[in-house]
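Chemist: give me a model of this one.
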Amino acid sequence: MSEVKPMWRWPWRYRESLLFTAALIAGGFAAQLAFGPFDFYLLRHPVNYILGIVLTALILLSLLAGDNPIVRWLSGAYLVAALLAGLLLFTLIMGLTPQLPGVAPDGDIFIRLGFTRMTTSWPFVLLYFMTLVSLGLAAARRLRSPGKKLVFILNHGGLWLVLAAAGLGAADREQYIMHVREGEVEWRVYTDDQQVLELPLAIRLDDFDLEEYEPKLAVIDRHSGLPQPEGNPALFQLADYLTAGLTEWRFGDWDISVEKYIAQAAPSGNGAYSELPMPGASPAARVLARHRDSKVIQAGWVSGGSQLLPVSPLALDDDLILVMTKPEAKRFVSRIKVFTRNGREEETALEVNQPLKVENWQIYQYGYDNKAGRMSTYSSFELVSDPWLPLVQAGLILWALGSLGLIYQGKGKQKP
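Modeler: Predicted coordinates for the structure are as follows:
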């Protein structure tokens, strides 16, 4: 029967590593209660650069320590597993807990301990920092024989670079929303505390174009205003009328048919609509509704209206009204020109999920005036600057190469 090793006698293994991780978390909670959330903006350039260089230098200097037991434990699998288990626990809590933008000083203990702002809580930050140290030391130890441990170095070194660049670079990441009116140039944005900030680039909006899906017909209760049937409204797709020639729709005891549809229409008098392509025009449909039992017929034009034109419903009876829904956006494009302080100019048609990269900035199509629709006089853009992103991407490439190498080595060791 093997003798049980006393606690805190070298070599340290899982028990010591788990207790160390628990003590680190407890110390983090104490710091959270004493100082509040960790302020990542303290790590702004050049502090994060200096910290990254110092941390890298200390990790490389650990190679001079030889087979020191503390360095061996810090870079060993036991501590890495304990730290990753702690990070995983906090990540699960973050996924199950609503994350709030601010912390009320008089909030309950759950909020004050940082569970609603997990990434800025002291326990999470300390676990993250120790994981960086442990992973970095683990990769550095293998540098003594890089030829034999190249795959391990790529895998762990790449992961270390991803975590280091993402964490240290968080303070330098900038993200703003800019609203630009058509025909104007804008270079100012608002910060989180509503201060005006001038950016090193400007955007001119030359044109905004919006394509919409065809609207739908729906029946609503004139007393409650709710679409019918409640909970599962029946809708007639006008797109089917245009593409498949479907003109008839049965709703309850009513047979409804579409006689004519105009994509851009305006009232022409006596309740009728005619085609009139212009700003503010709205879709309109001439419909005929026939009650199967009473043979009552209701006919007229239905339109969802716009900012310039009124809504035009069709009453079926004392309880039901036929209406047209508002068209939904299919595609919107902003034709812009970007100017930088360095004299660079970029012109493009910006769409959703097709950002424009200008120097260190990514420009995304963000939104427009939803109420105005095609008449929107402005477009909104999201501007993101992340100078540490190339390092994160490089780390991901190294980590992927190392992972593929580990898979290849594992297959090579399998017996035929």
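Chemist: mind checking which helix or strand S379 is in?
Modeler: strand 378-385 (DSSP states H and E).
Chemist: ok, then the element right after that strand?
Modeler: helix 389-413.
Chemist: for the stretch 51-200 of the chain, which segments count as strands?
Modeler: 174-181, 185-190, 196-212 (DSSP state E, counting those that start in this stretch).
Chemist: pull out the buried residues from the second one.
Modeler: Taking 16 or more other C-beta atoms under 10 Å as the basis for neighbour counts, the residues of strand 185-190 that come out buried are 186-187, 189. Any C-beta I mention is one placed from the backbone N, CA and C, and that applies to glycine too.
Chemist: let me know the closest of those to Y14.
Modeler: V189 (50.0 Å; C-beta to C-beta).
Chemist: just give the nearest non-adjacent residue to the closest one, would you?
Modeler: Y176 (3.9 Å; C-beta to C-beta, 6 or more residues apart in numbering).
Chemist: what's opposite the one you found in the beta bridge?
Modeler: Y176 has these beta-bridge partners by DSSP bridges: L383.
Chemist: shouldn't it be in contact with E382?
Modeler: Yes: assessed by C-beta atoms under 8 Å, Y176 is found in contact with E382 at 7.4 Å.
Chemist: now the terminal residues of stretch 304-313, how far apart.
Modeler: 8 Å (C-alpha to C-alpha, to the nearest Å).
Chemist: for that stretch, the averaged confidence score.
Modeler: Averaged across stretch 304-313, pLDDT comes to 91.
Chemist: try stretch 276-287
Modeler: 90.
Chemist: could you check how far A285 is from G136?
Modeler: 67 Å (C-beta to C-beta, to the nearest Å).
Chemist: contact partners for G76?
Modeler: Counting by C-beta atoms under 8 Å, 6 or more residues apart in numbering, G76 touches A138.
Chemist: again with R13
Modeler: Applying C-beta under 8 Å, 6+ apart, the residues near R13 are 5, 78.
Chemist: touching, L246 and A239? I think so.
Modeler: No: contact criterion C-beta under 8 Å: L246 and A239 do not qualify, at 9.5 Å.
Chemist: returning to what we had before: make CSV from the strands of the stretch 51-200 of the chain and add mean pLDDT and distance to E230 to it.
Modeler: Compiled in CSV, the strands of the stretch 51-200 of the chain are given as follows (pLDDT from 0 to 100; distance: least, C-beta to C-beta, whole Å):
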stretch, mean pLDDT, distance to E230
strand 174-181, 95, 37
strand 185-190, 95, 41
strand 196-212, 94, 27
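Chemist: dump those to TSV, plus distance to W73.
Modeler: Formatted as TSV, those follow (distance: least, C-beta to C-beta, whole Å):
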stretch	distance to W73
strand 174-181	39
strand 185-190	48
strand 196-212	47
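Chemist: among those, which is nearest P11?
Modeler: Nearest of those (C-beta to C-beta): strand 174-181, 45.9 Å.
Chemist: which positions in the closest one come out as buried?
Modeler: In strand 174-181, counting by 16+ other C-beta under 10 Å, buried: 174, 176, 178-180.
Chemist: hmm, who's touching it?
Modeler: 186, 188-191, 197, 199, 203-205, 336, 366, 377-386.
Chemist: mind redoing it with 10 Å?
Modeler: If you take C-beta atoms under 10 Å, 6 or more residues apart in numbering as the criterion, strand 174-181 is touched by 186-192, 197, 199, 201-205, 208, 334, 336, 360-364, 366-369, 376-387.
Chemist: and the helix or strand hosting I50, average pLDDT?
Modeler: Assigned by DSSP H and E, I50 belongs to helix 47-61. The pLDDT scores in helix 47-61 average 92.
Chemist: who are the packing partners of it?
Modeler: helix 122-141, helix 150-168 (3 or more C-beta pairs under 10 Å, 6 or more residues apart in numbering; DSSP states H and E).
Chemist: who touches stretch 18-38?
Modeler: 7-8, 12, 73-74, 78-79, 81-87, 89-90, 102-103, 105, 109, 112-127, 129-130.
Chemist: do that again at 6 Å, thanks
Modeler: 82-83, 86, 103, 113-114, 117, 120-123, 125-126 (C-beta atoms under 6 Å, 6 or more residues apart in numbering).
Chemist: stretch 344-360 now?
Modeler: Counting by C-beta under 6 Å, 6+ apart, residues outside stretch 344-360 touching it are 333-340, 362-365, 385, 387.
Chemist: buried subset of these, written for ChimeraX?
Modeler: To isolate the buried ones among those in ChimeraX, judged by 16+ other C-beta under 10 Å, type:
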select :333,334,335,336,338,339,363,364,365,385
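Chemist: specify which member of the contacts of stretch 344-360 is nearest to L42.
Modeler: P387 (17.4 Å).
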